[in-house]
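J.: kindly generate the corresponding structure for this input.
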Amino acid sequence: MTTSLSHLTLTKLMSFLFKTKKPEEKAPEEIERERILKSEEIYQKGVTSILDIVSPSAMNITPNYIQVGGKYVRTLFVHTYPKYLQTNWLSPVINLDLIMDIGMFIYSIDSRIILKNLKKKVAQIQSSIIMAQEKGEIRDPMLEAAFVNAEELRDKLMQGTERFFKYALYFTLYADSLSELDKNTRALETLMGQKMVFTKYANFEMEQGFNSTLPLANDELAIINNLNTSPLSTTFPFVSSELTSNEGILWGINKHNNSLIIFDRFSLENANTVVFAKSGAGKSYAVKLEILRSLMMGMDVIVIDPENEYQYLSDAVGGAYLNVSIASPHRINPFDLPQKAPKNETTQDILRAKIIDLKGLISVMLGGLDPLEDSILDRALIETYAKKDITNKTILSKVKEYPTMGDLGEISELMEGGADLSEKLKKYTEGTFAGIFNEPTNIELTNQFVAFSIRDLEDALRPTAMYVILGYIWDIIRSKLKKRIMILDEAWWMMQNEDSARFLFGLAKRARKYYLGVTTITQDVTDFLGSSYGKPIVTNSSLQLLLKQSPAAIDLVKDTFYLTENEKYLLLETDVGEGIFFAGEKHVAIRIVASYTEDQIITTDPRQLLEIEKAKKELAGKTGNNRNSEVRQNNKMKEDDKKEKKE
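T.: Now for the predicted structure:
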């Protein structure tokens, strides 16, 4: 019994001395939870995460570059800035056509510390100046300038108008090969050197430099420069507007950053466009280029051509070119109606709108109407349509014949007080201009590209012809909904008369509903914008193209388009085919560029056109000579065959 107690006491004593504890038994629930957690940990190790997907296969770090997967990477830091920094000096670097990451780190410094250091620095500079004066030395302009600058900075820091910062700027370039990386590095160094901003490689710290430009906000390089508020503000990365989308056509090149301006005019609130430029600035060239590229996208294009500038383009694309003149066989009846009523419109609506348009047309033709003539004309037009059994209840598709201007003259003569109106209309029904607007329509707009030429018309008839052609086109457009562009060149002709100007404004305002984009071109900006309908047409056009302007019109253009002084002088000094392109709220400087083939089709340069005609004649001559040679060779072969048969 004694031995047993001694052993137990010794065991307790040893346990106490060595602080050994009997392991506690865990509850079954805790054991199960630990097992599940361990199983989950093992499972997660075998699951692919996003980090596994985005991480490169390998990373090779060398003293002056890093290889991340298949990419070569190099980081540069800025170590020296010039005395003066221009605003937006970093923009050319940002717009450089290179793949790069840019890291900026700005650290605020307590102004009290800077003021204390500046006070010491000013004292040192002042002492140096005084000592030089006592020795009789020539004054040092650098010391005096440093003294003035330091004092000026002290004043601004004390007033709170300036603050002091530490600034770090890093560039990380990417390339597919080491030679390409060296080339890109030289391009960046050259561009920065032109600004007197000098860079160096982050040698032996490439990994830290790479990490510093990642979107982690970690400055592992910590290579900083001291800048106050004014020079620091110039480093803000201003970037020019981009006008590039995945749809549309190529309009030109962005002069700010050499990017492509690819845009779809139908993606805006409306597809209308205005083009303003002085003669010879390239407006017709730019519009022809748009036409050519729009045709390739499957759009229909209709052109009113006052100077036969689009005939060669029409021939090149297989379009229809219709000459509207007194001697021409092509005729358009202004009394025509759409063959099919547009959606949500009745025959009564169409007939009423047509009578209103005809009243405007006849007002243009006769040089205006007094209230009595306007009332008589209104009744006469209704009776003229009724003469051909066309009323508010007529089904348009069943109409076989439309009235003409001669019918209107006859009806007016029979009406009380309409004799004078009928007499005035005889100029267009029996007189000098008889036939051009007094015969049934004998043309159809079935081609993808259709151009109406009015060059051979008298100047007095041009506004009337434009009015008639636009009315006819408008009826066709309303009959069938389709993506179309209508080009109205030298639109200032229509702005000379209030009725025709009102008609053009109504066309621009309603075009969006019928999937139509109206392009208005003019070189006489003053006459166009001087009309009460000129500016509303501009505001109803989401796209605007301004090319080189004349000094006489530039102030009016500036006020209309809210241009800055720099943009004003840009339009005065720019080259041919360059200007400003507005698309909605964005606008950029543009340079119109065409390929060689496009240029040969759309050029309006007389010298170039003569060279093209000469080349055609030479080619035709060579072709003719080749054909004659082939004919002679064939005849000789036939004669040789006959001789062989006889022998």
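
J.: only C-alpha atoms for contact and neighbour calcs from this point on.
T.: Fine.

J.: so where is this structure shaky, pLDDT-wise?
T.: In the predicted model of the chain, residues 1-25, 238-242, 341-342, 621-647 satisfy pLDDT under 70.

J.: quick one, longest strand in the chain?
T.: strand 164-175 (DSSP state E).

J.: just the buried positions in the helix or strand that that strand is followed by, please.
T.: Sequence-wise, the next helix or strand downstream of strand 164-175 (DSSP states H and E) is helix 178-194. For helix 178-194, burial by neighbour count (16 or more other C-alpha atoms under 10 Å) applies to 178, 181-182, 184-185, 188-189, 191-192.

J.: residue ranges of the strands in the stretch 201-350 of the chain, please?
T.: Using DSSP state E, counting those that start in this stretch, the strands of the stretch 201-350 of the chain run over residues 225-228, 249-254, 260-263, 273-276, 300-305, 320-323.

J.: quick one, which of these gets closest to Trp493.
T.: In terms of C-alpha to C-alpha, the element of the strands of the stretch 201-350 of the chain nearest to Trp493 is strand 300-305, at 11.8 Å.

J.: ok, the closest one: who's next to it in the sheet?
T.: strand 449-453 (parallel), strand 484-488 (parallel) (DSSP bridges).

J.: how about these in JSON lines, adding mean neighbour count and distance to Lys71?
T.: Listed next are the strands paired with strand 300-305 as JSON lines, based on neighbours: other C-alpha atoms under 10 Å; distance: least, C-alpha to C-alpha, whole Å:
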{"stretch": "strand 449-453", "mean neighbour count": "23", "distance to Lys71": "49"}
{"stretch": "strand 484-488", "mean neighbour count": "23", "distance to Lys71": "47"}
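
J.: could you export stretch 363-372 as PDB, CA atoms only?
T.: Extracted as PDB, the C-alpha positions of stretch 363-372 are listed here (Å, rounded to 0.1, in the frame of the first residue of the first chain):
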ATOM      1  CA  SER A 363     -44.400  81.800-105.500                       C
ATOM      2  CA  VAL A 364     -40.800  81.200-106.400                       C
ATOM      3  CA  MET A 365     -41.600  81.000-110.100                       C
ATOM      4  CA  LEU A 366     -43.600  84.200-110.200                       C
ATOM      5  CA  GLY A 367     -41.500  86.200-107.800                       C
ATOM      6  CA  GLY A 368     -44.000  86.200-105.000                       C
ATOM      7  CA  LEU A 369     -47.800  86.300-104.600                       C
ATOM      8  CA  ASP A 370     -50.100  88.800-103.000                       C
ATOM      9  CA  PRO A 371     -52.900  87.700-100.600                       C
ATOM     10  CA  LEU A 372     -55.600  87.600-103.300                       C
END
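
J.: pull out the buried residues from it.
T.: Result for stretch 363-372 [16+ other C-alpha under 10 Å]: buried residues 363-365, 368-369.

J.: show me how far it is from its chain's centre.
T.: 43 Å (C-alpha atoms, centre = their mean, to the nearest Å).

J.: same deal with stretch 119-136?
T.: 59 Å.

J.: which residues does that stretch contact?
T.: Residues outside stretch 119-136 that contact it (C-alpha atoms under 8 Å, 6 or more residues apart in numbering) are 138-140, 143-144, 146-147, 150-151.
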